[in-house]
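Participant: Sharing a model that was predicted from the sequence below.
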Amino acid sequence: MGRRPKAEPACLTGEDDEAISFNNGIAALLSVARNDNNLMKTHPLIKNAYNLGFHKPESSVFRTPKGLNREIVESISRFKQEPAWMLDFRLQALKIFEQKKMPSWGVDLSEIKFNDLYYYISPAKKKFRRWKDVPKDIKDTYEKIGIPQAERKFLAGVGSQYDSEVIYHNLKKKWEEQGVIFTDTDTALQKYPDIIKQHFGTIIPPNDNKFSALNSAVWSGGSFIYIPKGVHVEIPLQAYFRINAANMGQFERTLIIADEGSYLHYIEGCSAPIYTTNLLHCGVVEIIIKKDARVRYTTIQNWSNNVYNLVTKRMLIEEKGFGEWIDGNLGSKKTMKYPSLILKGKGAHGEILSLSFAGKGQHQDTGGKAIHLAPHTTSTITSKSVSINGGRASYRGLVKINKGADNSKSFIRCDALLLDEISRSDTYPVNIVNEQNAALGHEASVSKINEQQLFYLRSRGINETQATSLIVNGFIEPIVKELPLEYAVELNRLINLSMEGAVG
Amino acid sequence: MKNTLAISSLHASTTGGKEILHGISLTVKKGEIHAIMGPNGAGKSTLAQTLMGHPGFKITQGKIIINGVDISHLPPDQRAKNGLFLGFQYPIEVPGVNFDNFLRMAINENQKKGVKKISPLAFRQQLTDQAKRLAFSKNIIGMALNEDFSGGEKKKAEILQFALIKPEFAILDEPDSGLDVDALKYIAKTILSLDYPFGLILITHYQRILHYIKPDFVHIMINGKLVKSGDSSLAKEIEKKGYEGYLNNVSLREAPR
């Protein structure tokens, strides 16, 4: 036998290691979709094991020692006075975390020393750093993109809270009248234990991946949102209004439930750089979209460039529901994030818009997943990445159309723009179609800055830096136009800033 | 020399080293219209792009001087700031870049030092007025640069940029190609309506546009050289006889390189 002829890329034949490990997620996704989440079943129901009226003493200092073990997880849960089932959930997750190997694909995570990290610091006593300790480049960026003074301190972890309480309270009153619940997840666990218990970890079980297990073991903060049947929340809910340093924390856990026929746009994160000395950010976001409901979840992530950002995000979309991820990754040292859609109900529709910007020393491994389980489901994934100054952007995607998901359609488009010779872009798509009567389209492009475009713009008196910025901003425009205006403006300025150092 | 674009014995090669312009000399004063005519492949577009500083062409000899400033080795944006404009034969699409934002930026970049930036409102008014004059069928605000334009609109949009940027010297590279008679009239009308002094180099294949914009000088370009210059009657002669007579003459004189 001669050598096997080079046929399909390995990732399509499933022979590539990376593809296989990436596919492991499917089993978990499917088990979720079948509602046979063993983990939840194995836990006995324990009610009222918490104190509803509990308030954390404001003066107490609580921080777990460095490292991660059973005692630390227990003490986190004890400190928060959680119900026993949550403690069991955490401990179970810890075991899974310890057993699971580090992913052999994606970004290089070998520098993370899990035993060298703090896993919990009580929010009340979180120490704020001094303004003079914030690095100069972060301060300069705030100045240049025009962040108001009050917000700068908050973003840099100097102030505790951005002063928008008044606006927030008025909005909150309106939401509450409609039956909307919007609170941090720790509070939700105390106040709405039944809803939390019913849904927590059902979309992303701890055994989904090593980092969902880690998050499940040590989670804190994050948002809990419940939108009742038929309620349309017209103004986007923004974590920005109420977050304090704690909620921006390392292991936030978000759960959103949009009941039948409801509508929600949730915005999380911030396009301005957020300075943190926490080296690991490991969040989990679970969203349940019931029949005819629609949820749009917008994230702009711009952690400072020392952070590992490893986030698991997933939506379960029921009949004729509509779910959208808009996911922008600008900062952090390394990112692994693949927002997922599980199209469970007939006629469900999902969209993922992913934007990555990889600069010096950064590796953004991002993309999306869509799993079609029911007939007439549709999905689109649009990914745009920009690499500059030796940055690396990878698109990693998975689309699976199951047998029985007839008349389903998926369309994937990923475009990469490389701004210089030393930057890098990769694409790792996995597309699996097990239903004859379904359609899947995939388009991909990698381009460099087009000389003709540059010449054209420059012939109008626009210098090279400005012209490059225009081209880059034009390239990402299909995603930026979906962002709230203030984010779009900031993003635009940030890109212009990063061009200044890079061109000419 | 003030108010003058002076091109003197300009030689230019491709980056691969092939010489395309073999010594072009031309002086354009403000208020003058020069037509450059020639057959396909004569180097007309190369001349236009070399003047503007296209990175694909290298000036090996000669100079381009605007108002006494030697711009031969300046990057394209600096040439523009010195008063030069090129209307592209094939305008380049830049996806996602908003036409009106781009144009306002260009106008501000070309302002002389100390001149105030154009206000967004004033700009919008000028833009819509000129768009109307050029008979743009759609609202031009918010369109993506050339991407959202039809072939004819792209050509009109070049003239629109010319009219708003108000360069001292404009080179229009076949502004008439691909246009129907009506569109041709609109662009000619717009150019003629510009109420400030500028010099114009009009590159064209056909005599058609010269019915509307009457040139002061006509130059015939063959194989990278200007082989004959005259007044507008030269264009009429070309229309009757074609370039054949010139082609034969030149090919004898042109030594292989």
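Facilitator: Okay, I see it.
Participant: quick one: A:Tyr456 and B:Pro91 touch, right?
Facilitator: Yes: at 7.3 Å, A:Tyr456 counts as touching B:Pro91 under the criterion of Cβ atoms under 8 Å. Every C-beta, even on glycine, is put in place using the N, C-alpha and C of the backbone.
Participant: These two: which has the busier surroundings?
Facilitator: Per other Cβ atoms under 10 Å in any protein chain shown, whichever of A:Tyr456 and B:Pro91 has more neighbours is A:Tyr456, with 26 against 19.
Participant: Convert the C-alpha atoms of the one helix or strand the more buried one maps to to CSV, please.
Facilitator: Assigned by DSSP states H and E, A:Tyr456 belongs to helix A:451-458. What follows is helix A:451-458, C-alpha atoms only, in CSV (Å, rounded to 0.1, in the frame of the first residue of the first chain):
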residue,chain,number,x,y,z
GLU,A,451,-2.6,47.2,-1.0
GLN,A,452,-5.2,48.6,-3.4
GLN,A,453,-7.5,49.6,-0.6
LEU,A,454,-4.6,51.2,1.3
PHE,A,455,-3.5,53.1,-1.8
TYR,A,456,-7.1,54.3,-2.5
LEU,A,457,-7.6,55.6,1.0
ARG,A,458,-4.1,57.2,1.1
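Participant: gap between it and the chain center?
Facilitator: 36 Å (Cα atoms, centre = their mean, to the nearest Å).
Participant: can it be found next to chain B?
Facilitator: Yes: among the residues of helix A:451-458, A:451-453, A:455-458 lie within reach of chain B under Cβ under 8 Å from any Cβ of the partner chain.
Participant: elements contacting that helix?
Facilitator: helix A:464-480, helix B:76-81 (3 or more Cβ pairs under 8 Å, 6 or more residues apart in numbering or on different chains; DSSP states H and E).
Participant: Lowest average confidence across these, which one?
Facilitator: Among these, helix A:464-480 carries the lowest mean pLDDT, at a mean of 92.
Participant: how about the helices and strands packed on helix A:451-458 in a markdown table, adding mean neighbour count and distance to B:Gly56?
Facilitator: Output for the helices and strands packed on helix A:451-458, formatted as a markdown table (neighbours: other Cβ atoms under 10 Å in any protein chain shown; distance: least, Cβ to Cβ, whole Å):
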| stretch | mean neighbour count | distance to B:Gly56 |
| --- | --- | --- |
| helix A:464-480 | 22 | 16 |
| helix B:76-81 | 23 | 12 |
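Participant: Those: which one's closest to A:Ile287?
Facilitator: With Cβ to Cβ, the closest approach to A:Ile287 among those belongs to helix A:464-480: 19.6 Å.
Participant: That closest one vs helix A:451-458, what angle?
Facilitator: Computed by axes from the mean of the first three to the mean of the last three Cα atoms, to 10 degrees, the angle separating helix A:464-480 from helix A:451-458 equals 110 degrees.
Participant: For the closest residue to A:Gly441 other than its chain neighbours, what is the enclosing helix or strand?
Facilitator: Using Cβ to Cβ, 6 or more residues apart in numbering or on different chains and skipping the chain neighbours, the partner closest in space to A:Gly441 is A:Phe411 (4.6 Å). Assigned by DSSP H and E, A:Phe411 belongs to strand A:408-418.
Participant: Mean confidence (pLDDT) on that strand, please.
Facilitator: 96.
Participant: got it, and stretch B:41-48?
Facilitator: 95.
Participant: If we go by neighbour counts, what in it is buried?
Facilitator: B:42-48 (16 or more other Cβ atoms under 10 Å in any protein chain shown).
Participant: Stretch A:188-208 too?
Facilitator: Using 16+ other Cβ under 10 Å as the test for burial, stretch A:188-208 gives A:188-190, A:193, A:195-197, A:199-208.
Participant: and if you look at stretch A:426-446?
Facilitator: Applying 16+ other Cβ under 10 Å to stretch A:426-446 flags A:427-431, A:433, A:435, A:438, A:440 as buried.
Participant: now, which of the residues you listed lie within helices?
Facilitator: Among these, no member falls in helices (DSSP state H).
Participant: Next, format these as CSV and append pLDDT.
Facilitator: Shown next, in CSV, are those (pLDDT from 0 to 100):
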residue, pLDDT
A:Thr427, 94
A:Tyr428, 94
A:Pro429, 94
A:Val430, 95
A:Asn431, 95
A:Val433, 96
A:Glu435, 95
A:Ala438, 96
A:Leu440, 96
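Participant: Nearest to chain B among those?
Facilitator: When the buried residues of stretch A:426-446 are ranked by distance to chain B (Cβ to the nearest Cβ), A:Thr427 comes first, at 19.8 Å.
Participant: residues in contact with that closest one?
Facilitator: A:394-395, A:414, A:416, A:444, A:446 (Cβ atoms under 8 Å, 6 or more residues apart in numbering or on different chains).
Participant: Thanks a lot, catch you later.
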